[in-house]
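>>> return atomic coordinates for the entry below.
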Amino acid sequence: MTARSVDSAHATPRTEYCLAVTRRGEHRLIGYARLATEPQQAATIGFALHPAAWGKGLGTETVHLLCALGFDVLGLHRIWAARAPLNEASARTLLRAGMTEDGRIRDHVFVHGAWRDSITYSILEHEWAPIDGLDTGGAAGSDRGPGPAG
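Take a look at the predicted model:
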């Protein structure tokens, strides 16, 4: 995955942003975030955080920073995400970040030998607004939360 991430950073045009998540000013990796552009000014996002970072609002900030990258830097119209039906923590994170639940894609992914549905969420450019006190700094990170780097 690392080699693919490095290759995607050098692609022209760039269609994928694979980012390390750290706390601002720290060099310890706490997660991974990804934004992959699609036609029609859209992108899909995904993220994973180390369990020690769960429940501290860092997932919401990570999603918000991905939205800042997509809307403010890349000029996208729509960003969407998908989660496993049993992952209620991701549901709360995506909703807190301002996304809206769109629905269910049946048998969307093949995981651990079985097909699994996905619950999808999206946000449109006119629905997104910066979180008060969160400096997206051109989507480079914040002074108090995670800072995608890469």
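
>>> CA atoms for contacts and neighbours, from now on please.
OK.

>>> show me where this protein has helices.
Listed in chain order, the helices of the chain (DSSP state H) span 2-10, 58-68, 88-96.

>>> buried set for the last one?
By that I understand helix 88-96. Within helix 88-96, the residues that count as buried by 16 or more other CA atoms under 10 Å are 90-91, 93-94, 96.

>>> tell me what it is packed against?
helix 58-68 (3 or more CA pairs under 8 Å, 6 or more residues apart in numbering; DSSP states H and E).

>>> what about the helix it packs on, distance to the chain center?
Relative to its chain's centre, helix 58-68 lies at 6 Å (CA atoms, centre = their mean, to the nearest Å).

>>> do the same with stretch 25-44
5 Å.

>>> same question for that stretch, mean pLDDT?
When pLDDT is averaged over stretch 25-44, the result is 93.

>>> what's the span of that stretch from first residue to last?
27 Å (CA to CA, to the nearest Å).

>>> then stretch 90-108?
So stretch 90-108: terminal residues 17 Å apart, CA to CA.

>>> for that stretch, the distance to its chain's centre please.
Counting by CA atoms, centre = their mean, stretch 90-108 comes out at 12 Å from the chain centroid.
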